[in-house]
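Colleague: I'll drop the sequence and a predicted model, then ask my questions.
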Amino acid sequence: MKKSPKEIVDAMYSNDDYSQWLGIKRIKDGFGSSHLQMKIRKEMCNGFSIAHGGITYALADSALAFASNSHGVKAVSIETSISHVAPLHMDDIIEAKAVEKHRSNKIGLYEVIVSKLDGTVVALFKGTVYITSKEWEVEK
């Protein structure tokens with residue numbers, strides 16, 4: 001029986017200490033998509049008092065992981081890139097929306113847009129994943 005994206009991402013998130021530490025909230029889990037949200041905290045900011053680039057990267061990377069695994073088959077990233085286009089500050093709330101652009105038996109391509117809640121785009125992320133032959137086992 002095919003597992004739902006929510007069941008798969010529940011299993012992933014429950015063992016994902018880093019995403020939990022970031023304070024990531026899952027807004028919507030879908031087949032080939034993920035919508036996440038988080039708040040920028042003081043300890044996430046660098047010496048310029050703006051969010052460290054690794055923070056937006058980590059949020060986008062989590063969205064990539066959840067979207068690419070949502071079909072029930074384990075997938076791992078093999079190439080990613082990000083362009084930071086606007087700064088973030090403490091207390092900004094941001095969201096990442098991952099969308100599947102292509103998926104074959106072995107390769108998936110994803111686009112993740114990271115933005116503030118007002119729609120201001122702050123980062124553009126592209127990810128390529130390798131799709132394994134291992135299915136997710138979800139306990140009921």
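Modeller: Yep, it's here. Here the structure is a predicted model, which means the values were calculated and not measured.
Colleague: Need the nearest residue in space to residue 130, chain neighbours excluded.
Modeller: residue 78 (4.9 Å; CB to CB, 6 or more residues apart in numbering). The C-beta positions use only the backbone N, C-alpha and C, and glycine is treated the same way.
Colleague: actually residue 25, not the one I wrote
Modeller: Nearest to residue 25 is residue 37, by CB to CB, 6+ apart, at 4.8 Å.
Colleague: From residue 102, how far out is that neighbour?
Modeller: Residue 37 is 26 Å from residue 102, where distance means CB to CB, to the nearest Å.
Colleague: How about residue 112?
Modeller: 14 Å.
Colleague: do residue 51 as well
Modeller: Taking CB to CB, one finds residue 51 at 30 Å from residue 102.
Colleague: Specify which residue of the two has the higher count of neighbours.
Modeller: residue 51 (23 against 10; other CB atoms under 10 Å).
Colleague: what's near enough to touch the more buried one?
Modeller: 40, 44-45, 87-90, 92 (CB atoms under 8 Å, 6 or more residues apart in numbering).
Colleague: Hmm, residue 19 and residue 13 touching each other?
Modeller: Yes - between residue 13 and residue 19 a contact is recorded at 6.2 Å, counting by CB atoms under 8 Å.
Colleague: my guess is residue 3 meets residue 73, correct?
Modeller: No - here residue 3 lies out of contact with residue 73, judged by CB under 8 Å, at a distance of 10.2 Å.
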